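In: sequence and predicted structure below; questions after.
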Amino acid sequence: MTTARGPTLTAEGELDVARMRRDRLARLQAEMEAQGVDGLVLSGQGNVHYATGAATLTSEIGRAIHEPVIALVTRDGLPYLCTPYPEGAPPELPADHVLPPLQPEWADGVAEMAGLLADLLAPGAARLAVDDLSAAAYERLPALLPGVELVDAGAVVGPAKVRKTDDELECIRRAQRTNELAMYDVYEALRPGVRQCDLSAIFLRRIFELGAHANVIDPIWQATPPSIAQGPWTVHGDVAFPTSPSDRILRDGDLVLVDSGILYEGYASDFGRTWITGRRRAGARQRDHFLRWCDVIERVLELVRPGTTGLELNRAARKGEPDKPWLDHFYLAHGIGVESAEMPFIGTDLGEDFDEAIVLAPGMVLVLEPVIWEDGQGGFRAEEIVAVTDDGYRLLSRFPYHPFDEGSGPFDDGSGPW
């Protein structure tokens with residue numbers, strides 16, 4: 001195990017987790033009131049955490065389906081948590097609000113859920129918003145709750161989540177800083193002969209030493225051929241990304257696309273950089289890719305402030321570029337919070353009308369991830385996280401761009417653009 005030579009954890013801003021939970025619940029209930037929704041049934045792990053603050057067992061998705069944690073939210077009062085992990089309930093949630101788990105995959109479980117909802121919902125309740133119910137629940141709940149319409153919870157949860165409080169922003173900052181600090185150790189180990197799984201081991205050990213609460217993205221150390229034709233084959237015909245790590249040996253000169261994400265108090269980080277195995281300086285064409293990427297980022301950041309639309313950011317990113325400067329199956333930007341990728345999404349295949357409907361506001365967080373690709377020569381990909389402020393933006397990511405950014409080394413925190 002190497003010891004990081006990078007910077008130490010910077011002074012942390014104020015964080016009040018209990019206040020954050022109160023604020024989130026108030027936002028959800030305000031949206032419910034505004035949209036005439038009488039109750040929420042949430043089973044998506046991010047949504048459950050947002051509504052309740054509950055800690056759940058972070059693992060592969062099959063566990064989340066087999067042992068679901070479900071939040072039930074009404075227009076007033078504290079939420080109810082149906083969970084196989086009662087020890088993960090927040091301290092302010094009374095014991096009578098922490099209930100045994102439900103099993104909505106089965107008819108008996110759906111009947112139990114319907115009985116519980118009938119007791120919790122106010123008389124005359126007409127609209128119940130759900131996020132990710134089972135097929136059995138969608139089929140049986142309308143008959144078990146006559147007169148209650150099932151609607152999409154995204155219309156309530158999305159607007160509540162899209163603008164972060166100061167406490168939420170601090171959680172994202174801490175998650176990102178922890179992720180980046182661990183990457184100094186990984187970068188130090190990046191040399192010909194190292195295996196992808198070795199880098200994963202270094203990263204996973206280090207994030208928990210630094211205080212991470214969970215890892216949510218299998219870290220990517222993708223050795224990428226300079227041409228799409230060299231594979232692997234994709235259905236979309238674009239650069240294959242991401243591909244899962246293995247025991248593959250990285251070789252001198254490999255172009256390595258890096259991606260990772262961890263959780264701190266339920267909030268995600270998102271780290272993306274391009275490295276070259278062997279730590280040699282980038283070639284002239286590789287550096288040109290990087291400088292074009294910087295130009296895209298600069299044009300976009302010049303417009304990041306309240307009132308700017310997603311379409312304006314989209315057009316600024318494309319200006320002067322022969323091709324769309326991001327992977328076709330990805331996007332120019334996405335939000336981040338209790339999910340690794342959440343609203344707002346900009347530059348998707350939903351089109352310009354969708355982008356124009358996105359208007360930046362204070363508290364929104366964007367992960368900018370343009371990609372410059374020149375087939376036959378490779379390219380450059382990196383991610384930057386910015387929070388929209390009252391008059392501009394605040395940068396939440398800080399890791400340098402070595403070996404592409406000449407004049408700044410990987411351990412020179414505070415140099416270059418910082």
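Out: Ah, there it is.
In: low-confidence stretches in this structure?
Out: 1-12, 58-65, 407-418 (pLDDT under 70).
In: in it, where's the longest helix?
Out: helix 166-189 (DSSP state H).
In: that helix packs against which elements?
Out: helix 17-35, helix 196-209, strand 255-264, strand 267-268, strand 271-276, strand 384-388 (3 or more C-beta pairs under 8 Å, 6 or more residues apart in numbering; DSSP states H and E). For the C-beta atoms, the positions are set from N, CA and C on the backbone; glycine is no exception.
In: tell me which of these sits nearest to residue 376.
Out: strand 255-264 (12.6 Å; C-beta to C-beta).
In: just the CA atoms of the closest one, as PDB, please.
Out: C-alpha atoms of strand 255-264 as PDB (Å, rounded to 0.1, in the frame of the first residue of the first chain):
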ATOM      1  CA  LEU A 255      -4.400   5.700 -22.800                       C
ATOM      2  CA  VAL A 256      -6.400   5.000 -19.600                       C
ATOM      3  CA  LEU A 257      -9.900   6.500 -19.100                       C
ATOM      4  CA  VAL A 258     -10.700   6.700 -15.400                       C
ATOM      5  CA  ASP A 259     -14.000   6.900 -13.700                       C
ATOM      6  CA  SER A 260     -15.100   6.400 -10.100                       C
ATOM      7  CA  GLY A 261     -17.700   7.400  -7.600                       C
ATOM      8  CA  ILE A 262     -18.100   7.100  -3.800                       C
ATOM      9  CA  LEU A 263     -20.700   8.200  -1.200                       C
ATOM     10  CA  TYR A 264     -20.400  10.500   1.800                       C
END
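In: before we move on, back to that, if you count neighbours, what's buried in the longest helix of the chain?
Out: Across helix 166-189, burial judged by 16 or more other C-beta atoms under 10 Å covers 166-188.
In: show me the chain divided up by domain.
Out: 17-160, 166-395 (automatic domain parsing).
In: now do the end-to-end distance for the shortest one.
Out: Right, domain 17-160. Length of domain 17-160, first residue to last, C-alpha to C-alpha, to the nearest Å: 17 Å.
In: cool, and the longest one?
Out: Looking at domain 166-395, the gap from its leading to its trailing residue is 14 Å under the measure C-alpha to C-alpha.
In: likewise stretch 53-66?
Out: First-to-last residue span, stretch 53-66, C-alpha to C-alpha: 21 Å.
In: stretch 267-287 now?
Out: Start-to-end, stretch 267-287 (C-alpha to C-alpha) is 33 Å.
In: buried residues, it. List them.
Out: Under 16+ other C-beta under 10 Å, the buried positions of stretch 267-287 are 267-277, 279, 282, 286-287.
In: which ones are touching the residue positioned nearest the centre of the chain?
Out: Geometric centre of the chain, nearest residue: residue 340, 1.3 Å, by C-alpha atoms, centre = their mean. By C-beta atoms under 8 Å, 6 or more residues apart in numbering, the residues touching residue 340 are 216, 217, 261, 268, 270.
In: distance of the second one from residue 153?
Out: What that stands for is residue 217. Distance of residue 217 to residue 153, given as C-beta to C-beta, to the nearest Å: 24 Å.
In: and stretch 118-125, end to end?
Out: OK, stretch 118-125 end separation, C-alpha to C-alpha: 9 Å.
In: flag every buried residue along it.
Out: Under the neighbour-count rule (16+ other C-beta under 10 Å), stretch 118-125 has 120, 121, 125 buried.
In: residues contacting the closest residue to the last one other than its chain neighbours?
Out: Nearest non-adjacent residue to residue 125, counting by C-beta to C-beta, 6 or more residues apart in numbering: residue 38, 3.7 Å away. For residue 38, the contacting residues are 32, 74, 75, 121, 122, 125, 126, 127, 128, 148, by C-beta under 8 Å, 6+ apart.
In: among those residues, which lie within helices?
Out: Using DSSP H, the contacts of residue 38 in helices are residue 32.
In: which of the contacts of residue 38 are buried?
Out: 32, 74, 75, 121, 125, 127, 128, 148.
In: which one of those residues is nearest to residue 102?
Out: Nearest member of these to residue 102, counting by C-beta to C-beta, is residue 128, at 14.5 Å.
In: right, and the closest one touches residue 149 too?
Out: Yes. Residue 128 is within contact range of residue 149, at 7.0 Å (criterion: C-beta atoms under 8 Å).
In: so for the two, which residues contact both of them?
Out: Contacts common to residue 128 and residue 149, judged by C-beta under 8 Å, 6+ apart, are absent.
In: pull the contacting residues for the closest residue to residue 245 other than its chain neighbours.
Out: Once flanking residues are discounted, residue 245 sits nearest to residue 196: 3.8 Å by C-beta to C-beta, 6+ apart. Contact partners of residue 196, counting by C-beta under 8 Å, 6+ apart, are 221, 223, 245, 246, 247, 248, 250.
In: in the sheet, which strands lie alongside the strand or helix carrying the first one, parallel or antiparallel?
Out: It stands for residue 221. Using DSSP states H and E, residue 221 maps to strand 214-223. Strand 214-223 pairs in its sheet with strand 255-264 (antiparallel), by DSSP bridges.
In: quick one, the partner strand and helix 166-189 angle?
Out: When axes from the mean of the first three to the mean of the last three C-alpha atoms, to 10 degrees is applied, the directions of strand 255-264 and helix 166-189 differ by 140 degrees.
In: how far is strand 255-264 from where the chain is centred?
Out: Its chain's average C-alpha position is 11 Å from that of strand 255-264, according to C-alpha atoms, centre = their mean, to the nearest Å.
In: do stretch 85-93 as well
Out: Centroid displacement of stretch 85-93 relative to its chain, using C-alpha atoms, centre = their mean, is 24 Å.
In: now stretch 207-218
Out: So, by C-alpha atoms, centre = their mean, the centroid of stretch 207-218 is 14 Å from its chain's centroid.
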